[in-house]
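Asker: Generate coordinates for the sequence data below:
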Amino acid sequence: MALVWLLAGLCLSVASLGYLAGAILSVARYNPHARAQGAGPLPPVTVLKPLCGDEPALYENLASFFSIDYPAYQIVLGVRDANDPALAVVERLKRDFPARAVAVVVNSQVHGTNLKISNLINMMPSARHDVLVIADSDIRVEPGYLRQVVAGLADPAVGVVTCAYLARPLRPSLACQLAALQINEWFMPSVLVARGLGRANFCMGSTMAVRRDSLAAIGGLEALKDLLADDYMLGRLMVERGYQVEMAPGLVETTVPEERLQPVIRHELRWARTIRTVEPASYAGSALMYTSAMTLIAAGLFLLGGLSLGFSLLPLAAAVAGRLALHGLVRRKLRTAAAGWWLVPIRDILSFGVWAASFAGRSVIWRGQHLEVDAQGVLTEAVSEV
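Answerer: This is a model prediction of the structure:
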């Protein structure tokens, strides 16, 4: 039996440390300053921004879209409620950028259980152009953003273009730092590893750029109206229709505003349950990302197998060292916000806790809605709050 414990600990350590080595290599190879190749025609674009409430830094995030360097583009902003405070921000932006082509849609009609997609469906009649770029309200971009994104759609084989993103903490709070670390040092490297392994069938809400014809080919936005992972599923549906999912060069930013840890955990739990429903096998294997937690478990297995405490803890020491090396690499190469090195192993174990908790149910809380998500990622109203 001791041999079984030792082999289990060895396999767990090697697999987790191997993933960490792959993440370090992927980040080292990544060029965050890459630019789209070619100088083809730049078709007019409609940017769709579904809004809900006056979020922290909403003005600054939206203003970055009003300041894009692109020949011709329209911005469509949509809310469900005529009293939504986001509308005051929109009016300020219209005053500050009077030359920008803007349409504002206020429509309470509901299409399905995904209210973001419902909002977008209501906004579509106001979209003038055949190239559509959808981006979440907490995303901030550089002036060259549309040129980078639209270049990928020049290839008719590409159905949708997405963007990798980093987190910008808005406050010096511990919660903000931990939330940003998860995105910058766990999620972002995992995206690079996945694409390096040829898994390019997913989109991110940071950017979903499509042509009308490819969107129509999957059934339009209506195909996503009851799905929790609308961004992910858009990519999957495109691949099923024979299109490619392209990731634009360069990065965008998402703002992280949390002051307390509870909303961070709630957000991450929703995110985790989203991924678990659409990719159950891959999600189960994603535990290997949490190297400190995995090698800590492996240390327990080694101890059960009869190894000394010192030898049992060697993989854990290697994991912590590797995670700190990745932390430094991400900071230098991707120019992420400063965070204390001592938070890295804490974040690793906390992330593993969120991963484990995601198996405890299918309930999620999304913008105040209490929802249940089934094995196909379809949303329904929750019977009770969990």
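Asker: Just the helices from the stretch 251-386 of the chain, written as ranges.
Answerer: Secondary structure of the stretch 251-386 of the chain (DSSP state H, counting those that start in this stretch): helices at 261-278, 280-285, 291-304, 309-312, 314-334, 343-357.
Asker: what domains does the record give for the chain?
Answerer: According to automatic domain parsing, the chain comprises the domains 2-28+280-373, 34-260.
Asker: Okay, buried residues for the one helix or strand residue 27 maps to please.
Answerer: Assigned by DSSP states H and E, residue 27 falls within helix 2-29. Applying a neighbour-count criterion of 16 or more other CB atoms under 10 Å, one finds 5-6, 8-9, 12-13, 15-17, 19-20, 22-24, 26-27 buried in helix 2-29. Bear in mind the C-beta positions are built from the backbone N, C-alpha and C, glycine included.
Asker: Closest one to residue 297 out of those residues, please.
Answerer: residue 12 (6.4 Å; CB to CB).
Asker: that older thread, let me know the angle separating the helix holding residue 27 from helix 314-334.
Answerer: If you take axes from the mean of the first three to the mean of the last three CA atoms, to 10 degrees, helix 2-29 sits at 10 degrees to helix 314-334.
Asker: Need the mean per-residue confidence for helix 2-29.
Answerer: For helix 2-29, the mean pLDDT works out to 93.
Asker: partners of the helix or strand following it, with directions?
Answerer: As assigned by DSSP H and E, the chain's next helix or strand after helix 2-29 is strand 45-50. Sheet pairing of strand 45-50 (DSSP bridges) gives strand 73-79 (parallel), strand 131-134 (parallel).
Asker: what about the next helix or strand after the last one, distance to the chain center?
Answerer: Yep, that's strand 131-134 we're talking about. With elements assigned by DSSP H and E, the helix or strand that comes after strand 131-134 is strand 139-140. Relative to the chain's own centre, strand 139-140 is displaced by 12 Å; criterion: CA atoms, centre = their mean, to the nearest Å.
Asker: Residue 27: what's it in contact with?
Answerer: Shown in contact with residue 27 (CB atoms under 8 Å, 6 or more residues apart in numbering): 188, 189, 192, 326, 329, 330, 333, 334.
Asker: and the angle from the helix holding residue 27 to helix 291-304?
Answerer: Using the same axes, to 10 degrees: helix 2-29 against helix 291-304 is 160 degrees.
Asker: For the residue lying closest to residue 106 once chain neighbours are set aside, give its distance to residue 126.
Answerer: Nearest non-adjacent residue to residue 106, counting by CB to CB, 6 or more residues apart in numbering: residue 82, 5.1 Å away. Distance, residue 82 to residue 126, by CB to CB, to the nearest Å: 16 Å.
Asker: Quick one: find the helix or strand in this protein with the lowest mean pLDDT.
Answerer: In the chain, no helix or strand scores lower on mean pLDDT, DSSP states H and E than strand 379-381, which sits at a mean of 52.
Asker: re earlier: and the residue nearest to residue 106, how close does it get to residue 24?
Answerer: Separation of residue 82 from residue 24 (CB to CB): 50 Å.
Asker: Quick one: residues contacting the residue sitting nearest the centre point of the chain.
Answerer: Central residue of the chain (CA atoms, centre = their mean): residue 204, 5.1 Å from the mean position. For residue 204, the contact set (CB under 8 Å, 6+ apart) comprises 162, 163, 164, 165, 191, 231, 232.
Asker: Does it have any beta-bridge partners, and if so which?
Answerer: Residue 204 has these beta-bridge partners by DSSP bridges: residue 207.
Asker: per-residue pLDDT, it?
Answerer: 90.
Asker: if I look at it, how far off is residue 28?
Answerer: In this view, residue 204 and residue 28 are 22 Å apart by CB to CB.
Asker: How about residue 224?
Answerer: Taking CB to CB, one finds residue 224 at 35 Å from residue 28.
Asker: Point out where the protein drops to low pLDDT.
Answerer: Within the chain, the stretches with pLDDT under 70 are 37-39, 362-386.
Asker: Recalculate using a threshold of 50.
Answerer: For the chain, the stretches with pLDDT under 50 are 382-386.
Asker: Find the helix or strand that the residue nearest to residue 106 is a member of.
Answerer: Going by DSSP H and E, residue 82 is not in any helix or strand.
Asker: Would you mark the buried spots in stretch 252-262?
Answerer: For stretch 252-262, by 16+ other CB under 10 Å, it's 252, 253, 254, 255, 256, 257, 258.
Asker: distance between it and the chain's centre?
Answerer: 13 Å.
Asker: repeat for stretch 207-215
Answerer: Chain-centre distance of stretch 207-215: 18 Å, with CA atoms, centre = their mean.
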